[in-house]
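Colleague: pasting the sequence and the predicted coordinates here, then a few questions.
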Amino acid sequence: MKSPLYAVAILMILNAVGCATIGTTSATAPEAFEAPSDLPEAARLDVAVIEFDPGLPADGEPIPEDLYPEIREAEAKLLPNQLKKTLEETGQWGAVSVLPVEPIASDVMVTATILHSDGRDLRLLVHLRDASGHTWFKRKYRITAAKGSYGSADKTLDPHQPMFNTIANEMVEARSKLEAKQLEEISTISELQFASHLSPEVFDGYLKTDEDGIVEIVRLPALDEPMLERVAEVRLRDEMFVDTMGIHYQNFGSQLESNYWYWRETSSQELFAKQALRREQIARGVGSLLTIALVVATGALGSVPATASAAAAGAVIIQYQMQIIHALGQQRQMHEEGLLELAQSFQAEVQPMVVELNSTNVRLTGTATAQYEEWQRLLRDVYQAENAVIFDVYMMPRQPTEETWIGDNTLPMVPFRQDIEPR
């Protein structure tokens, strides 16, 4: 009678221990700093969040068993959008956009690499720098989702959101170390970088970049410079295009939201279950060794039946936990397949994009990266075509034409830039 009762008692104790090992302590979620009512306009810098580096092994290197390349590729597009939403909700910044590659110019730029992501743990390396080339910070962030943290029915409390709140807060703290004049210079450098891309022959002399990549303003164009007005018009078109591309990222996130949530949930539960199993196996192994040592030392052969019953009870627990892990693995795989299918649709979702330039519809095709790079090239071509006449006027030699010279013996007037009316 004693042996079965002993086995049942061991089973109850180990079940209780198994449940306890799964739980974790949930970290306090920081709130993102909202912009104060008196935030200076100069502080509202525009922010470009670039698609994250998925952190995949280099070509030819083995892929870890717990890493899913397609999921990482999807996360590289999803997570920037989550950071964008967080920054916009604070009201601390100007326009916040998600782009497939680094833009020609941006006041502030965020790049990041996914170091680890398995549904439970998320680790990022985030690099924040401004248009002048100065790095505001480069830091690693990590957050662990507690057991049960995906239980929110309306999915409004993302377990990884505290990390994005922290990033947003540290961006504000980094900005607060700059003076108003420095913030204004960052915006000016960004404008001149964009202008220099469109018309290097006109704007290249305004900025200087040293060997460390730090950009300084050498001189400023006149406030009434008509060429700057043209640049502003083109940049407005660029912002409209970026807004359109941002809609694709938002749609992509909306499509994947449900599958991604449940994939993370089942993956997290599976990891907790595996962790409990490992602890159980270690405890079983240690317990068996101690029991054997006790039997050998004391010659207590009468305890062998009880030991066998306890071992059988432990085997039942381990088998039960392995069944749970198998079931969770099947659920995760189901959501993983749904994620992969939706992730592949992103490329199709951004093809094609039709934009209007000078009353002409232009069809952009290919990946988001290819479309954006082609758009930048088109902007430059259109800008130079529109300003070809102005370039001709600027380059006219200050010499009398034969017709004017013969007519009234006066030199022809070549208009200065500020005298030329914009089209």
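Modeller: Yep, it's here.

Colleague: okay, CA-based contacts and neighbour counts for the rest of this
Modeller: Will do.

Colleague: looking at this, residue 49 is in a strand?
Modeller: Yes - per DSSP: H, G, I helix; E, B strand; the rest coil, residue 49 lies within a strand segment.

Colleague: show me what contacts it?
Modeller: 80, 83, 84, 96, 97, 98, 99, 109, 110, 111 (CA atoms under 8 Å, 6 or more residues apart in numbering).

Colleague: may I ask which two of those are separated the most?
Modeller: Across those, the longest distance by CA to CA is 13.4 Å; it joins 96 and 111.

Colleague: and these two? Which one has more around it.
Modeller: Of the pair residue 96 and residue 111, residue 96 is the one with more neighbours under other CA atoms under 10 Å, namely 23 against 19.

Colleague: what's the pLDDT at the more buried one?
Modeller: The score at residue 96 is 97. That number is its pLDDT.

Colleague: hang on, it packs against residue 50?
Modeller: No - if you go by CA atoms under 8 Å, residue 96 and residue 50 don't touch, sitting 10.7 Å apart.

Colleague: what stretches of this structure score poorly on pLDDT?
Modeller: The chain contains residues with pLDDT under 70 at 1-29, 152-156, 270-362, 365, 387-423.

Colleague: quick one: the helices in it?
Modeller: Secondary structure of the chain, counting by DSSP state H: helices at 2-22, 69-90, 161-176, 180-198, 200-203, 226-298, 304-349, 368-386, 388-394, 402-408.

Colleague: who's in contact with residue 127?
Modeller: Contacts of residue 127 (CA under 8 Å, 6+ apart): 110, 111, 112, 135, 136, 137, 138, 139.

Colleague: out of these, which is most surrounded?
Modeller: residue 112 (23 neighbours).

Colleague: which non-adjacent residue is nearest that one?
Modeller: residue 126 (4.3 Å; CA to CA, 6 or more residues apart in numbering).

Colleague: ok, that neighbour touching residue 136?
Modeller: No - the criterion here is CA under 8 Å, and residue 126 misses it with residue 136 at 10.5 Å.

Colleague: just give me the neighbour total for residue 178.
Modeller: As a burial measure, residue 178 scores 11 neighbours (other CA under 10 Å).

Colleague: what does residue 219 give?
Modeller: 10.

Colleague: also residue 165?
Modeller: As a burial measure, residue 165 scores 20 neighbours (other CA under 10 Å).

Colleague: any idea how far residue 89 is from it?
Modeller: Residue 165 sits 10 Å away from residue 89, taking CA to CA, to the nearest Å as the criterion.

Colleague: what does residue 120 give?
Modeller: On the measure of CA to CA, residue 120 and residue 89 end up 25 Å apart.

Colleague: do residue 110 as well
Modeller: Residue 110 is 17 Å from residue 89, by CA to CA.

Colleague: what's the answer for residue 105, then?
Modeller: Taking CA to CA, one finds residue 105 at 23 Å from residue 89.

Colleague: same deal with residue 375?
Modeller: For residue 375, the distance to residue 89 - CA to CA - is 29 Å.

Colleague: these two: who's more crowded?
Modeller: Neighbour tally, residue 375 and residue 89, criterion other CA under 10 Å: the higher count belongs to residue 375, 19 against 14.

Colleague: OK, contacts around that one?
Modeller: residue 364.

Colleague: please renumber the chain so that the first residue is 25 from this point on.
Modeller: Okay, residue one is now 25; in that scheme the one you just asked about reads as residue 399.

Colleague: what's the closest non-adjacent residue to residue 157?
Modeller: residue 238 (4.8 Å).

Colleague: list the contacts of the one you found.
Modeller: Applying CA under 8 Å, 6+ apart, the residues near residue 238 are 156, 157, 158.

Colleague: whichever of these end up buried, select them in PyMOL.
Modeller: Remark: buried members of these, expressed as a PyMOL selection using 16 or more other CA atoms under 10 Å:
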select buried, resi 156+157
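
Colleague: I'd like the contacts of residue 238 as CSV, with distance to residue 197 appended.
Modeller: What follows is those, written out as CSV (distance: CA to CA, whole Å):
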residue, distance to residue 197
156, 18
157, 18
158, 15
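
Colleague: nearest to residue 410, of the contacts of residue 238?
Modeller: residue 156 (29.1 Å).

Colleague: how close does that closest one sit to residue 150?
Modeller: 18 Å.

Colleague: my read is that residue 112 contacts residue 121, right?
Modeller: No - using CA under 8 Å, residue 112 makes no contact with residue 121, being 9.5 Å away.

Colleague: more neighbours: those two, which one.
Modeller: Neighbour count, other CA under 10 Å: between residue 112 and residue 121, residue 121 has more, with 22 against 17.
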